[in-house]
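*Asks:* fold the stuff below for me.
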Amino acid sequence: MNSMSLASIQHPRLPAFFSEDSLTKMMRKMTTKQIKARSTIFKFGEGLERLYYIRNGQALIKRKAFDQKEFILHLLREGDIFSTISEMGDLSARAITECEIGVLDRVDLDDLLLEEGRFAVEFTQFLESSRRAADSKLRDLLFFGKRGALCSMLIRLAKNFGKPVKEGMMITVRLTNVELAHLTGSSRENVNRMIRDLREQGI
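*Replies:* Reported below is the predicted structural model:
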């Protein structure tokens, strides 16, 4: 096994749709990478035909639109899995915090899909869920406008990265104003104005 022993395999949080047995079998074939905070995991046109597992840390996935503008497609945390299978090279990834990431190449993934029926079913469910999540974000932008997309994004951040505090829910992932803008398909200035408006309304 590359870069790790079986004794080192720990599952801090099981990924959605994947059983502990499936995750263990994936990790036996994965290579492990240590990524510094705010460092690039892979650039546009790189990192294709792979499966990525966030063992520790937080990361983000960017997509480049047809007009060359970039927006954040996913925020990932410990236990999340992301696939670049069948992508067209318009994705990039960057660590938000220091990360430990497992990487599974397409050849090894195909072997698992052929050998393990349960894993194949789980992987299909995972791909369908990822598609629905992307469709949901697109729907928010199309039907609810910039403000609605921002509110939806804040709710998602509170759900996935929220920590209850006396004042309400504190979002623990650290994002710049530019990254907030890339999450909502807006500009930094618009995001600043919308957050200021929400704050003034006591929201």
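*Asks:* pLDDT (mean, whole number) over stretch 59-76?
*Replies:* Taken as a whole, stretch 59-76 has an average pLDDT of 82.
*Asks:* got the end-to-end distance for that stretch?
*Replies:* 5 Å (C-alpha to C-alpha, to the nearest Å).
*Asks:* please work out the average pLDDT along the host helix or strand of residue 133.
*Replies:* Using DSSP states H and E, residue 133 sits within helix 117-161. Mean pLDDT, helix 117-161: 83.
*Asks:* after it, which helix or strand is next? Please name it.
*Replies:* strand 162-165.
*Asks:* alpha carbons only: can I get that next one in CSV?
*Replies:* Only the C-alpha atoms of strand 162-165 are listed here, as CSV (Å, rounded to 0.1, in the frame of the first residue of the first chain):
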residue,chain,number,x,y,z
GLY,A,162,-21.5,25.4,12.0
LYS,A,163,-20.7,25.4,15.7
PRO,A,164,-23.5,26.4,18.1
VAL,A,165,-22.6,29.4,20.2
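*Asks:* name the residues of the helix or strand hosting residue 194 that are buried.
*Replies:* Per DSSP H and E: residue 194 is located in helix 188-200. Residues 190, 191, 194 are the ones in helix 188-200 that count as buried (16 or more other C-beta atoms under 10 Å). Just so you know, the C-beta spots here come from the backbone N, C-alpha and C atoms, and that holds for glycine as well.
*Asks:* center of the protein, which residue is that?
*Replies:* Nearest residue to the geometric centre of the chain (C-alpha atoms, centre = their mean): residue 76, 3.1 Å.
*Asks:* so what's the residue lying closest to that one once chain neighbours are set aside bridging to?
*Replies:* Leaving aside its sequence neighbours, residue 76 sits nearest to residue 59 (C-beta to C-beta, 6 or more residues apart in numbering; 4.6 Å). Residue 59 forms beta bridges with residue 76, residue 95, as assigned by DSSP bridges.
*Asks:* now stretch 92-100, how far from the chain's geometric center?
*Replies:* Remark: stretch 92-100 is offset 10 Å from the chain centroid, using C-alpha atoms, centre = their mean, to the nearest Å.
*Asks:* what sits up against that stretch?
*Replies:* For stretch 92-100, the surrounding residues in contact (C-beta atoms under 8 Å, 6 or more residues apart in numbering) are 32-44, 46-47, 52, 54-62, 64, 70, 75, 82, 173-175.
*Asks:* run the last query once more with 6 Å
*Replies:* 34-37, 39-44, 55-62 (C-beta atoms under 6 Å, 6 or more residues apart in numbering).
*Asks:* quick one: buried residues of that stretch?
*Replies:* Result for stretch 92-100 [16+ other C-beta under 10 Å]: buried residues 92, 93, 94, 95, 96, 97, 99, 100.
*Asks:* for stretch 30-50, same thing?
*Replies:* So, applying 16+ other C-beta under 10 Å, buried residues of stretch 30-50: 30, 32, 35, 41, 42, 47, 50.
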